[in-house]
Structures are given as C-alpha cells and as structure tokens.
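S.K.: Got a predicted structure here, sequence first:
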Amino acid sequence: MEDYCGVANYFSPTRNIMFGSGLHGYIFTLKSFARMYFADRQLSADDLDVEKFSVRLWGDSFYCQESRKFYKSSKKVLQGSKQRSFIEFILEPLYKLYSVALGEEQNTLDKILRNLPTPILLPKKVLRSSTKTIVRSILGSYFGSLGFVDMLLKVPSPSFGWKKKAKTLINMPVPHDGELHPLSPESKTAVVQVSKLLDVQGKFAALCRIYSGQIKVGQRVKILGSAYPADLEDVTFNTITAIHVPTHNSNEERVKLSYRSLEEISAGNVVILHGVDATITQSATIVGSNLNSSNEYDEDTEEQCVFRPLRFTPAVVKLSIEPLRPAELPKMVQGLRSVLKCYPGSHLVVHDTGEHCIYGTGEVYLDTLMQFLRQYSDVEIKVAEPTVALRESVAGTSVMGIVGETPNKRNKITITSSQLEAPITNALTLYQLPKKEEKIPGHFMQEFGWDLLSSRSIWAFDYERGSLLLDDTIPDFDDVTSKENFAAVKPSIVQGFRWASKEGPLCEEPLHGCKVKLLDAVLAPAAIHRSSGQIIPTIRRTIHASMLLANPTLLEPVNKLYITAPTSIVDSLSPLLTKRRGFMTGDSPVGASTYSVVTAYVPVMDMFGLETDIRMFSQGQAMVHSLFEYWNEVPGDPLDSSIVLHPLEPSPVQCLAREFLVKTRRRKGLNEEVSIDKYLDEEMKRQLLLAQRGDMGEGDIDMEDGEML
C-alpha cells in the first residue's frame with residue numbers, strides 16, 4: 001500500500017513489518033536481527049549504529065567484505081557473495097539453522113548448538129523428540145519474541161487515522177466527531193459494532209468491538225439491525241446477560257480457547273456479549289447509555305451513528321430442502337434459524353408453495369452448511385439438485401407510459417421502466433454513493449453526467465439490487481394542494497417500488513439494474529382515498545407492467561475462476577471451459593515453479609461439477625478457486641412462447657432464457673406463461689392495443705378479438 005493515512009510507503013520491513021512462523025515459533029524484525037549481530041560480536045554503538053544497520057538489511061543493499069561497506073549496486077562489491085544483504089545476513093543463517101535441525105544426529109546437533117555465539121542448550125527429552133519439536137525449540141530459543149515487541153512499539157494508536165476509518169465504517173454522518181472515538185470511555189453513549197455471531201458453549205453470542213463508552217452486565221441496550229436506517233423498524237431492545245473476553249491456555253502441542261467473564265468493560269476492547277443475539281442475523285450496531293448516568297437506555301435518544309453492515313459475496317446458489325418426515329418441519333426450521341446465524345453469507349427464502357430455499361455462495365459452502373444443519377437439528381433432510389439464483393432486468397424502455405389505477409378508481413399513476421446505466425448499477429451494489437443526501441445530486445452530475453433536474457429527482461435507491469426510482473413528473477406550482485398530496489404519498493410509492501424490485505414479473509426473482517420513472521400522478525383529494533393500501537399494490541403492479549413492455553431479460557451470475565495448474569496442460573483447459581459456456585482470459589506463470597494461474601469466466605449455472613472435471617483431467621494437480629464477478633444477460637427471449645423445450649435434452653444457447661423462465665416458474669408453482677393482462681385494467685389494455693396496431697385514431701376496437709403480447 002503506497003499511501004496510508006497520508007504516509008507514503010507506510011508498510012515497509014524497515015518500519016513496521018515483521019517476519020516469523022507460527023508453526024516453528026519465532027518472530028523477528030530487521031532491527032531485532034541487527035541487535036542479535038551486535039550481541040554475538042560484542043559490538044558497541046561506536047562501531048555501528050543499530051538503526052542504520054537494520055535499514056541496510058533490506059532492499060538494494062550489498063555488502064563488500066574488502067571495504068566493509070554497503071553499496072546500492074552489486075557492481076561495486078569487489079569481494080563477497082554479491083547478494084543482497086537480506087539474503088546474506090538473514091536468510092542464509094536462517095537456512096543453516098533449519099538444515100542443522102533437520103539433518104544432524106542428536107549428539108552432533110547438541111555440539112553445534114552449544115558452540116553458537118549465543119549457545120542453545122536443549123534438554124535430552126527435546127533432542128529425542130520429533131523433528132517439528134526440535135525445529136520449534138531451536139528457532140524459538142534463538143530468535144525469541146523480541147521482534148513482536150518491536151512491532152508493538154511501531155503500531156499506531158487507535159486514534160490515528162480515525163477520521164479516515166470512520167468513513168468506511170459508519171453508514172450515516174456522525175454529528176459530533178468527539179463523541180465517537182476509539183478508547184473513549186468518557187463518551188456519553190456506548191457504541192458497539194457487532195461483526196458476527198458465535199456458538200459459545202452451546203449458546204449464541206455476539207462478537208463485538210466497543211468503540212466508545214462503557215457496558216456492563218444487566219445493561220439495557222438498543223440494537224440497530226443491518227437494515228437500519230433504511231428500515232426504521234429494524235430496532236429492538238435487549239439486556240446484556242454476560243460479558244466474555246476470549247483467552248487461551250497453550251502448551252507445546254495445541255492451543256485451547258477459553259473465556260473469561262467480566263462485569264464491566266470499556267471502549268477499545270473486543271468482547272463477546274450474551275443476551276443480544278435474538279434479532280441479529282448478520283451484523284448490527286448496539287447503542288447504550290453511559291453507566292454514570294443510568295443503566296436504562298433512553299428510547300427517545302437519537303443515534304450517534306450506525307455501522308455499515310458487513311458485505312459478503314452474493315449468494316447465487318440455492319438449495320431446496322424439506323424434512324423426510326413432514327411432522328419434523330418445525331424442528332428443521334428452528335435448526336435453520338440457528339445455522340444461518342453462524343453462516344452470515346447465506347439466507348433463507350420461503351416461497352408461497354412452502355418451499356424452503358437456502359442461498360449460499362457455492363457448492364462447498366452449502367455442503368458445509370447442510371452438514372452443520374443435520375448435526376444441529378438432528379433431522380433427516382431431503383435435498384434437491386442445486387440451482388442458481390437469477391435476476392430480472394430490462395434491455396430497453398417501455399413502449400409507452402403505463403397508467404395504474406387504484407382499486408377504488410380514485411388515483412392514477414403513470415410509470416415507465418428502462419435500463420439503468422452500468423456504472424450507476426455498480427456504484428449502487430458496491431455502496432459507493434455519498435452518505436449525505438444533499439451530496440447525491442452533485443455526485444450524479446459529476447460522476448455520471450446527469451443534468452441537475454434529473455439528479456434532484458431521485459426518490460429512492462435499492463442498493464442491494466442496483467435499481468432506483470426517479471420522479472419525472474411536471475409539478476403544478478399554482479396547485480399547492482396537489483403538491484402536498486403528492487408529497488404525502490411518497491413513502492407509499494417508495495415502499496411499492498421496493499416491493500416490486502424484490503420480486504419481478506417474469507419469475508418472481510429480484511430486479512437488477514432497473515430505472516423506474518414516475519411520469520404523472522392524479523391523486524384523490526381525501527387522504528382516506530389515497531392510503532398506503534391503495535397506492536403500494538398499484539405501484540408494484542404498474543412497475544411490473546412497464547417492465548414487460550421494455551424488453552424484459554433474465555440475468556445469471558458469472559464466476560471468475562483462478563485455476564492453478566501445471567503449465568503443460570494450460571492449453572488443454574480451454575475445451576473444458578468452452579463446453580460450459582466459459583472462456584479463458586489469460587494465464588500467468590507462478591515464480592520458481594512449473595505451475596501457471598489461469599483466469600477464466602464461467603456461468604454459475606454450468607459450474608456444477610467443473611472442479612471435479614478439472615481435477616480428474618489434471619490427475620489431481622490443478623486447484624480451482626472461484627469468486628462471483630458480475631451478472632450477465634441470459635441468451636434468448638424469455639417471453640418467446642414459440643420455443644419448444646424437450647425434456648432430458650440440452651436446449652440451444654438461444655433458448656436458455658426461455659428454459660430458465662419455464663423451469664423456475666414450474667418450481668415455484670406459477671403458470672408457465674407470463675401475461676401482462678393481470679397487471680392492466682380494461683382502459684389500459686385498449687390503449688396498449690391501439691399503440692401496437694398503430695391506429696391511435698381509428699374507431700373502436702373490440703377487446704375480445706385483440707390479443708395482447
């Protein structure tokens with residue numbers, strides 16, 4: 001990292017990087033190694049400065065034995081190994097210790113260790129033990145842990161760079177920077193970040209870091225869920241029942257984790273809190289009052305901050321499960337709730353048909369989850385074949401504005417849908433927009449080239465699904481009542497937009513990359529006639545109808561693969577990927593080996609069994625690592641009813657969209673055909689039929705002989 005906290009080359013071995021091995025039990029820094037040379041040769045500060053010597057042990061530094069000087073180029077070295085000083089003074093002595101420990105007999109090894117400048121005396125019990133124990137004892141005795149002490153002296157305090165760190169941690173502006181600060185126990189409010197839930201001694205507890213204030217057992221706290229502040233109802237109150245700090249009891253063979261109970265703890269500590277896990281699924285923010293004032297939280301107090309929820313790789317593989325015995329369904333559901341707390345990258349969806357679908361990041365992830373579920377719930381579970389999560393989008397713009405009329409016939413709202421620009425979609429899914437609402441219009445103008453009017457007309461974002469709602473109506477400045485009525489129904493319109501983006505019209509999958517425009521709204525003057533029960537379902541129905549008229553498409557996830565394989569078989573991997581609609585983008589050799597790393601892209605739908613095929617083809621020499629990369633349009637038209645799907649036969653590439661649509665709707669218990677008729681009223685059907693025929697002014701049309709779509 002070239003620039004961190006305003007300091008160039010912040011991370012460097014000459015500043016704050018240590019070398020070591022946890023397996024062999026040693027740690028050292030350049031400075032601690034330099035001090036060892038001084039101690040072995042009984043040098044003083046007059047002979048050579050330790051700081052200067054440690055700096056010369058890294059980088060382009062070469063030692064000349066004749067002149068006893070360091071040079072930046074090996075050409076000036078007249079006598080010596082002409083190797084970098086790090087290799088000559090550190091690596092070669094270290095390798096010699098390894099070779100002695102691994103290759104010498106017991107008596108010879110004991111003599112060599114006793115004759116070192118700093119003698120190492122090992123008990124006979126250690127000399128007769130395994131090679132691993134001997135190596136760990138020799139290196140641990142020779143280097144010790146002085147390097148770790150040097151590192152602690154270099155580590156900056158938590159307050160260093162807090163302002164920069166707060167921008168990435170906090171999901172809303174902090175009103176008072178001084179109120180929230182690491183190691184600030186005097187703060188008026190205790191603020192705690194929950195990173196995940198742990199299974200501690202058979203019970204779930206929250207792994208947290210306290211950023212300000214103090215907490216203690218019995219304190220009542222406010223828990224802000226990961227959906228807050230977008231969802232103001234994601235708030236609960238609980239009481240802390242126990243506070244644990246993780247510790248360990250170690251010996252030479254293993255490390256055993258244990259927990260120490262505390263009654264009170266202050267800011268700056270990482271702790272495990274009990275009693276707050278009931279409503280936490282992934283991450284959360286815990287807010288509590290200061291201990292000096294009261295032990296009860298004031299529910300009317302406004303929050304200082306909300307930590308951003310932890311982001312995980314999108315869960316794109318889903319698994320349908322059901323208990324072998326239907327009577328054990330409640331037991332399975334209870335086990336699912338517990339398991340999902342330990343796997344925050346997954347989530348559960350229950351469809352109207354009663355189907356329970358678990359979403360995960362991949363085959364291995366879901367396999368591990370299911371193994372834990374069987375052990376935790378003690379229920380025999382039937383598992384269907386894994387499938388892939390899809391997304392719905394549009395490739396064009398609605399052919400006309402869709403007018404949605406509320407059930408009471410007193411409100412009319414006109415909406416169109418279009419495709420959202422890819423840079424904006426990526427910025428939404430990566431949460432790269434400003435947190436302050438007043439900065440969003442300027443950001444859209446500067447980064448995406450929007451005009452001022454459109455930038456100020458944004459009503460709502462759906463960050464998770466990369467969609468937005470735009471107010472494109474023309475206000476009547478003379479009619480103050482209409483403006484007030486329009487502002488009053490804004491929350492209902494936004495809620496209807498979020499409902500529509502959660503389940504699309506094609507196969508009830510979430511939307512992705514859609515821009516919904518509100519063109520016109522004719523509202524009833526009485527508030528009772530434009531209630532949320534009238535507006536929300538109408539908005540959802542109208543958005544779905546506008547999408548069906550904007551060339552709807554299905555999107556599938558695509559994974560990026562990193563295949564580590566022998567260089568000799570790299571070219572032979574391409575046919576394996578091509579059979580699964582994948583392609584290679586390049587390969588790079590691994591230094592000092594006969595292996596190469598191949599980069600490729602493969603749709604997740606065709607990745608099932610790919611890793612096994614590659615391992616069999618390479619006879620176990622290849623290793624595959626996959627990661628979600630982007631959503632790609634599925635080839636074909638999902639609404640083309642002329643396509644005939646043959647069972648047990650692979651469909652052509654141009655028929656995949658239709659195949660995915662039909663199979664998904666069958667699994668969810670929906671009708672195979674998608675009809676726009678259920679989203680439109682009779683008047684809108686008439687207008688749409690006129691627009692399709694191009695006869696906008698030629699008499700009446702009988703709706704019975706006119707077919708829609």
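M.R.: Received it, and whenever you're ready, just let me know what you need. Numbers count the residues shown, from 1 in each chain.
S.K.: secondary structure element for Tyr211?
M.R.: Assigned by DSSP states H and E, Tyr211 belongs to strand 203-212.
S.K.: For that strand, what does the pLDDT average out to?
M.R.: Average pLDDT, strand 203-212: 85.
S.K.: list the buried ones in stretch 532-550?
M.R.: By neighbour count with 16 or more other C-beta atoms under 10 Å, stretch 532-550 contains the buried residues 534-550. C-beta coordinates here come from the backbone N, C-alpha and C atoms, glycine included.
S.K.: One more: stretch 234-241?
M.R.: Applying a neighbour-count criterion of 16+ other C-beta under 10 Å, one finds Asp234, Val235, Asn238, Ile240 buried in stretch 234-241.
S.K.: CA atoms of it as PDB?
M.R.: The C-alpha trace of stretch 234-241 is given here as PDB (Å, rounded to 0.1, in the frame of the first residue of the first chain):
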ATOM      1  CA  ASP A 234     -35.300  -2.900  12.400                       C
ATOM      2  CA  VAL A 235     -34.800  -1.900  16.000                       C
ATOM      3  CA  THR A 236     -35.000  -4.000  19.200                       C
ATOM      4  CA  PHE A 237     -34.200  -3.700  22.900                       C
ATOM      5  CA  ASN A 238     -32.400  -6.300  24.900                       C
ATOM      6  CA  THR A 239     -30.400  -6.700  28.200                       C
ATOM      7  CA  ILE A 240     -26.800  -7.900  28.300                       C
ATOM      8  CA  THR A 241     -26.700 -11.100  30.400                       C
END
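S.K.: Compute the first-to-last residue distance for stretch 313-324.
M.R.: Criterion C-alpha to C-alpha, to the nearest Å; first-to-last residue distance in stretch 313-324 is 31 Å.
S.K.: if we can go back for a sec, filter the buried residues of stretch 532-550 down to the ones in helices?
M.R.: Using DSSP state H, the subset of the buried residues of stretch 532-550 located in helices is 534-548.
S.K.: From the residues you listed, pick the one nearest Ser393.
M.R.: Distance to Ser393 across those (C-beta to C-beta) is lowest for Met547, with 8.5 Å.
S.K.: ok, now how distant is the closest residue to the closest one other than its chain neighbours from Val394?
M.R.: Among residues not flanking Met547 along the chain, Ser417 sits closest, at 4.8 Å (C-beta to C-beta, 6 or more residues apart in numbering). Going from Ser417 to Val394 by C-beta to C-beta, to the nearest Å gives 6 Å.
S.K.: Give me the more crowded residue out of the two.
M.R.: Neighbours around Ser417 and Val394, counted as other C-beta atoms under 10 Å, are more numerous at Ser417. The numbers are 28 against 24.
S.K.: Quick one: mean pLDDT over the helix or strand encompassing that one.
M.R.: Assigned by DSSP H and E, Ser417 belongs to strand 412-419. Taken as a whole, strand 412-419 has a mean pLDDT of 93.
S.K.: In PDB, could you pull the C-alpha coordinates for stretch 108-122?
M.R.: Taking Å, rounded to 0.1, in the frame of the first residue of the first chain, the C-alpha atoms of stretch 108-122 are listed here in PDB:
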ATOM      1  CA  THR A 108      26.300 -33.700  16.600                       C
ATOM      2  CA  LEU A 109      23.300 -31.300  16.900                       C
ATOM      3  CA  ASP A 110      23.900 -30.800  20.600                       C
ATOM      4  CA  LYS A 111      27.600 -29.900  20.000                       C
ATOM      5  CA  ILE A 112      26.800 -27.400  17.200                       C
ATOM      6  CA  LEU A 113      24.100 -25.700  19.300                       C
ATOM      7  CA  ARG A 114      26.500 -25.300  22.300                       C
ATOM      8  CA  ASN A 115      29.200 -23.800  20.100                       C
ATOM      9  CA  LEU A 116      27.000 -21.000  18.700                       C
ATOM     10  CA  PRO A 117      27.900 -17.400  19.600                       C
ATOM     11  CA  THR A 118      24.700 -17.500  21.700                       C
ATOM     12  CA  PRO A 119      24.700 -21.100  22.900                       C
ATOM     13  CA  ILE A 120      21.400 -23.000  22.800                       C
ATOM     14  CA  LEU A 121      21.000 -25.700  25.500                       C
ATOM     15  CA  LEU A 122      18.200 -28.200  24.700                       C
END
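S.K.: which residues touch that stretch?
M.R.: With C-beta atoms under 8 Å, 6 or more residues apart in numbering as the test, stretch 108-122 has contacts from 36, 39-41, 100-101, 104, 127, 134, 137-138, 141-142.
S.K.: now do stretch 396-416
M.R.: Stretch 396-416 is contacted from outside by 417-419, 493, 516-524, 529-530, 534-535, 537-539, 541-543, 545-547, 549-551, 679-681, 683-684, 687-688, 691, using C-beta under 8 Å, 6+ apart.
S.K.: try 7 Å this time
M.R.: For stretch 396-416, the surrounding residues in contact (C-beta atoms under 7 Å, 6 or more residues apart in numbering) are 417-419, 516-524, 529-530, 534-535, 538-539, 541-543, 545-546, 549-551, 681, 684, 688, 691.
S.K.: So which bits of it are buried?
M.R.: Under 16+ other C-beta under 10 Å, the buried positions of stretch 396-416 are 397-398, 400-406, 410-416.
S.K.: same check, this time on stretch 71-79
M.R.: In stretch 71-79, counting by 16+ other C-beta under 10 Å, buried: Tyr71, Val77.
S.K.: what number of residues lie near Leu430?
M.R.: Neighbour tally, Leu430, other C-beta under 10 Å: 11.
S.K.: on that earlier part again, overlap in contacts of Ser417 and Val394?
M.R.: Cys514, Met547, Ala550.
S.K.: thinking again about what came up before, between the buried residues of stretch 234-241, which is nearest Ile17?
M.R.: Nearest member of the buried residues of stretch 234-241 to Ile17, counting by C-beta to C-beta, is Ile240, at 38.5 Å.
S.K.: How much space separates the closest one from Gln193?
M.R.: In this view, Ile240 and Gln193 are 15 Å apart by C-beta to C-beta.
S.K.: same check, this time on Arg391
M.R.: Arg391 is 31 Å from Gln193, where distance means C-beta to C-beta.
S.K.: Tyr95 too?
M.R.: Distance of Tyr95 to Gln193, given as C-beta to C-beta: 44 Å.
S.K.: Then Glu556?
M.R.: Applying C-beta to C-beta to Glu556 and Gln193 gives a distance of 35 Å.
S.K.: what helices or strands is the strand ranked longest in the chain leaning on?
M.R.: Longest strand of the chain, by residue count under DSSP state E: strand 552-566. Under the contact criterion of 3 or more C-beta pairs under 7 Å, 6 or more residues apart in numbering; DSSP states H and E, strand 552-566 touches strand 391-394, strand 595-603, strand 623-633, helix 656-667.
S.K.: Need the phi and psi values for Lys668.
M.R.: phi -90, psi 0 (degrees, to the nearest 10).
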